[in-house]
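Visitor: Okay, here's the prediction I keep looking at, along with the sequence it came from:
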Amino acid sequence: MWKRIDRQLKIRAGDGPPASQLKELGPAQELTVPHPVVLSEFQSFPVFEDISHHIKEVGAQLVKKVNAIFQLDITKDGKTILKWTIDLKNGSGNMYPGPARLPADTVFTIPEPVFMELVFGKMNPQKAFLAGKFKVSGKVLLGQKLERVFKDWAKY
């Protein structure tokens, strides 16, 4: 009754444009970034590295307590200049520069000076959020768990 028709084209040697129409490609050019980002230029970089070391040491305990992935988008003049991910959901925890490899539960968009004040406890996160000093998308209440992670790091 039904007849299956294979509609794939069959390509044989010799099919295609003549060799005179082919163009030889040169070596691939490396992409150059006009102003490469050097992480160590940012005042928050040493803090992120220190928190990363702390997470490597006690990450397994934090994964049990927190069970979330956070992405921190650090801004300057309204533009994102850095992205860091704190993964306290998988394995023994991890923190790395760049966007989250898995979907983040909570994404914070925060200016670098505000981030520094929050991490060092000079600013109350709830008041800062309500005052519009930074933005949160995703599961907002998980921010309280991240606050505890920063407080544990500060004691460390």
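Guide: Happy to help now that I have it.

Visitor: Distance from whichever helix or strand residue 107 is part of to the middle of the chain?
Guide: In this assignment (DSSP states H and E), residue 107 forms part of strand 106-111. Averaged C-alpha coordinates place strand 106-111 at 11 Å from its chain's average position (Cα atoms, centre = their mean, to the nearest Å).

Visitor: elements contacting it?
Guide: Packing partners of strand 106-111 (3 or more Cβ pairs under 8 Å, 6 or more residues apart in numbering; DSSP states H and E): strand 68-76, strand 135-138, helix 143-155. Every residue, glycine included, has its C-beta placed from N, CA and C.

Visitor: Taking their axis directions, the helix or strand just after it and strand 68-76 sit at what angle?
Guide: Per DSSP H and E, the first helix or strand lying C-terminal to strand 106-111 is helix 112-119. Computed by axes from the mean of the first three to the mean of the last three Cα atoms, to 10 degrees, the angle separating helix 112-119 from strand 68-76 equals 140 degrees.

Visitor: Counting by contacts, list what helix 112-119 packs against.
Guide: Looks like helix 112-119 contacts helix 45-66, strand 68-76, helix 125-130, helix 143-155 (3+ Cβ pairs under 8 Å, 6+ apart).
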